[in-house]
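In: Here is my input, please return the structure:
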Amino acid sequence: MKLKFYIIVLYYFSFHISAAQVATDSVKSNQLQEVVITGTRTQRSVATLPLPTQIITGESIRKSGLSRLNEIIQEQTGLITVPDFGGSEGIQMQGLDAAYVMILIDGQPLFGRSAGTLNLGRITINNIERIEIVKGASSCLYGSEALAGVVNIITKKTEITEKLKTKVSYKHASFNTNDVSTTVEYGKKKIGMELFANYFNTDGYDLTDHSFTQTVEPYSNFTIQPKIKINFSEAFNLLINSRIYNQNQDYKSEVNVEKYSGESRINEWNNSLLLNHQISDKFKLVYDLYATNYKAHEFLNDTNNQLFDESKFNQWFYRPEIRSHYKTGKNTISFGTGLNVETLDRTFFETKAKLNSEYIFGQLEWFIKEKWNVLVGFRYDNHHQYQSQFSPKLGINYKWNEYFSLKTSVGYGYKAPDLRQLYLDFTNSAVGYTVLGYNVAEERLAELSSQGQLLFSNNFTFSNPLKPESSVNLNFGGYYKKSNVTIDYNLFYNIIKNLIDTRAIAQRTNGQNVFSYFNVDRIFTYGLELNTAYKTSSNLTFSIGYQYLIAKDQTVVDKIKRGEIFARDPITLNSFRLKSSDYFGLYNRSNHTANMKINYQIPTIKTTVNMRVFYRSKYGIFDSNNNNILDQYDDFVKGYFLTNLTLTKDFNNAFSMQIGVINLMDYKDETNIPNLPGRQLFTKIEYQF
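Out: Here you go, the predicted model:
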């Protein structure tokens, strides 16, 4: 009852004290001022100067010639795309897994994660205006899954113009890959409409000599995004954004020499209604209604075309939200409240699972004279199925002089247990092990015991709810810009508690374990990110990015200090205690990543040369000496370089052509890097009329 009372009071208060604009700052207004969820979420700051941010412009996306979100993300400093066991690619940010990074399109969250990973390859970048990246805990604005940061994909704005505009592009690449996009814009009086459509198909590729299955099987998908903008008056407008995505992929598998084939289908639908009401110069209200549905269906048939295996996934999410903004001088006050309703009906769930929560949030951007900018934010999520969360954040920016500013921030982030970790009831038919969600484990164990299927139980208790994973994030950095030189650096530190992991809770009579999920581990990451750019002339730009990263499990560090972890010499087979310096850290993390980018324009022939070189140092993905940690005596994936090159020729204002190569030196690691298929050539044409 208290929470309902607070929400009612907040609604009343937000109607009378609110803000509509984001305060500006002369230090970096040309870049960080853009870090605003515009058009579909709110004209409010996602991250002002105190927070580490990064923007990928639409022009840099166009000059790269790339097609999908995973391709452009892996070219950015401090962002690594990591494949999961199902072939999806997610984002690793500040050393934290893809499960902790929230992905938005026009400020609205995407769903349909496979084992915590949201596949970036399902998002086309042919209609993107820019990509906004906020690094570090951002739960004060977005709640769960924003523990590591937020990637917001901003599509091109809908304009009201009475002239019909059409743009068409076609790209052909290696592996018989085709990418076709078209955009149609038209408006009349107070109504503007836009329709974007994309079709993508590929034959996939194979990094092995297997005659039946491929590393990536052939697949095709299409995306349709209609938008409507209605200006009822200068102070009142409505934005309707929709997105429809469909993918079909061949699906093959081989089990015990038997060959199986089938299909994987994905259907996704997102719809957003955004009503903006500018009541006065200082006061604005935003009414936001968002709904999304993600469906996936996979099946395998045996050699006799009989159904062997089938998996279904059907996730719905609804969110009504109201936000209010009030501007007083340069300062901005924002408040909001909303409701999340999520359901998931999938194979291995006994019943449809539900997650419901209410939330309130507020934010103050306070400019003190000309040198200080303070950002204070909070969010409270009242969860019904697990522990509620309060997420504060504080950021401070100090403008040292005309060219240089310092920034620091501290924030709290969390990731709620997902529905799989709460309600999964899965038994592997081939091997025989079982995985149970925390909320169903106790009841299912009792059933298995009564049926005589358990040898013994490990006496785990499930009396207390599974806790959300939580983090404290610290950032300290600076920004320098003078003449043709730009330097942006950030030192970061993350400590994560209550990490959710699997533990064996019992053993079945077939000798296989029964697993469930528990809060067990603590991890920490820290490092440095550095971006520099130098413009030698109006036609040549040179930039370098670098990240240093340490990511470790605190529990392992403590055990090594106590002398409890050993390794074995592969030659002598003698065991010995590990030293702290022997522990490398978490899997799939590189200590060093770097990039170098050169963009050169040749005005006389209207041609742009865009070259990008990337380096990733060694990292481990397998515990080869079987001591359950990654140490220097394990096998590692060696460090490697990649080079991408694109040439763009503009014939006139309407027509352009590109040729390019991805992975110029044809680097491949068939065993360890399945998302790196080798050299890929492409050509692309674009015409606007």
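In: Assumed residue 421 was part of a strand.
Out: No. Going by DSSP: H, G, I helix; E, B strand; the rest coil, the assignment for residue 421 is helix, not a strand.
In: Give the closest residue to it in space, chain neighbours not counted.
Out: residue 517 (4.4 Å; Cβ to Cβ, 6 or more residues apart in numbering). C-beta: built from backbone N, CA, C; applies to glycine.
In: what's the helix or strand harbouring the one you found packed up against?
Out: Counting by DSSP states H and E, the element that carries residue 517 is strand 513-535. Here strand 513-535 touches strand 434-436, helix 438-450, strand 485-508, strand 540-553, helix 554-561, going by 3 or more Cβ pairs under 8 Å, 6 or more residues apart in numbering; DSSP states H and E.
In: winner for burial among the ones you listed?
Out: Of all the helices and strands packed on strand 513-535, strand 434-436 carries the top mean neighbour count, a mean of 23, counting by mean count of other Cβ atoms under 10 Å.
In: so what strands line up beside it?
Out: Counting by DSSP bridges, the strands paired with strand 434-436 are strand 425-427 (antiparallel), strand 513-535 (parallel).
In: so which of the ones you listed comes closest to residue 162?
Out: strand 513-535 (38.5 Å; Cβ to Cβ).
In: The strands paired with strand 434-436: lowest mean pLDDT?
Out: Of all the strands paired with strand 434-436, the minimum mean pLDDT falls on strand 425-427 (a mean of 87).
In: Tell me how far that one lies from the chain's centre.
Out: Offset of strand 425-427 from its chain centre (Cα atoms, centre = their mean, to the nearest Å): 28 Å.
In: about what we covered before: which residues touch the residue nearest to residue 421?
Out: Neighbouring residues of residue 517 by Cβ atoms under 8 Å, 6 or more residues apart in numbering: 417, 421-422, 437-438, 466, 500-503.
In: try residue 152
Out: Contacts of residue 152 by Cβ under 8 Å, 6+ apart are 37, 46, 104-107, 131-134.
In: rewinding a little: TSV for the strands paired with strand 434-436, including distance to residue 225?
Out: Listed next are the strands paired with strand 434-436 as TSV, based on distance: least, Cβ to Cβ, whole Å:
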stretch	distance to residue 225
strand 425-427	35
strand 513-535	31
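In: ok, and which of the ones you listed has the densest surroundings?
Out: The highest mean neighbour count among these, using mean count of other Cβ under 10 Å, belongs to strand 513-535: a mean of 19.
In: before we move on, the earlier item: pairing partners for the residue nearest to residue 421 in the sheet, please.
Out: Residues in a beta bridge with residue 517, per DSSP bridges, are residue 502.
In: mind checking how far it is from residue 313?
Out: Distance, residue 517 to residue 313, by Cβ to Cβ, to the nearest Å: 19 Å.
In: can you give me the strands for the stretch 351-500 of the chain?
Out: Using DSSP state E, counting those that start in this stretch, the strands found in the stretch 351-500 of the chain span residues 353-368, 372-383, 389-399, 404-415, 425-427, 434-436, 454-457, 469-482, 485-508.
In: do you know which of those lies nearest residue 626?
Out: Minimum separation from residue 626 across the strands of the stretch 351-500 of the chain (Cβ to Cβ) falls at strand 485-508, 16.6 Å.
In: Need the CA coordinates for that closest one. CSV is fine.
Out: Presented in CSV, the C-alpha positions along strand 485-508 are these (Å, rounded to 0.1, in the frame of the first residue of the first chain):
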residue,chain,number,x,y,z
VAL,A,485,43.2,16.8,-31.3
THR,A,486,40.7,15.0,-29.2
ILE,A,487,41.5,12.7,-26.2
ASP,A,488,38.9,10.9,-24.2
TYR,A,489,39.9,8.5,-21.3
ASN,A,490,38.1,6.6,-18.6
LEU,A,491,39.3,4.4,-15.7
PHE,A,492,36.6,2.0,-14.5
TYR,A,493,36.0,-0.5,-11.7
ASN,A,494,33.2,-2.9,-11.2
ILE,A,495,32.5,-5.3,-8.3
ILE,A,496,29.6,-7.8,-8.8
LYS,A,497,28.0,-9.7,-5.9
ASN,A,498,25.5,-12.5,-5.8
LEU,A,499,26.6,-13.8,-9.2
ILE,A,500,24.1,-16.5,-10.3
ASP,A,501,25.7,-19.9,-11.1
THR,A,502,24.7,-23.5,-11.3
ARG,A,503,25.4,-26.1,-8.5
ALA,A,504,24.7,-29.8,-8.3
ILE,A,505,21.9,-30.3,-5.8
ALA,A,506,21.3,-34.0,-6.2
GLN,A,507,22.4,-37.1,-8.2
ARG,A,508,20.0,-39.3,-10.1
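In: Pull the residues that contact stretch 551-560.
Out: 95-96, 495, 520-525, 565, 578-580, 582-583, 585-586, 589, 629.
In: send the alpha carbons of that stretch over as PDB?
Out: What follows is stretch 551-560, C-alpha atoms only, in PDB (Å, rounded to 0.1, in the frame of the first residue of the first chain):
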ATOM      1  CA  ALA A 551      38.600  -9.400 -14.800                       C
ATOM      2  CA  LYS A 552      38.700 -12.000 -12.000                       C
ATOM      3  CA  ASP A 553      36.700 -14.000  -9.600                       C
ATOM      4  CA  GLN A 554      37.200 -12.800  -6.000                       C
ATOM      5  CA  THR A 555      36.500 -16.300  -4.600                       C
ATOM      6  CA  VAL A 556      39.300 -17.800  -6.700                       C
ATOM      7  CA  VAL A 557      41.700 -15.000  -5.600                       C
ATOM      8  CA  ASP A 558      41.000 -15.800  -1.900                       C
ATOM      9  CA  LYS A 559      41.400 -19.500  -2.400                       C
ATOM     10  CA  ILE A 560      44.800 -19.000  -4.100                       C
END
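In: roughly how far apart are residue 258 and residue 519?
Out: 40 Å.
In: go on, residue 78?
Out: For residue 78, the distance to residue 519 - Cβ to Cβ - is 28 Å.
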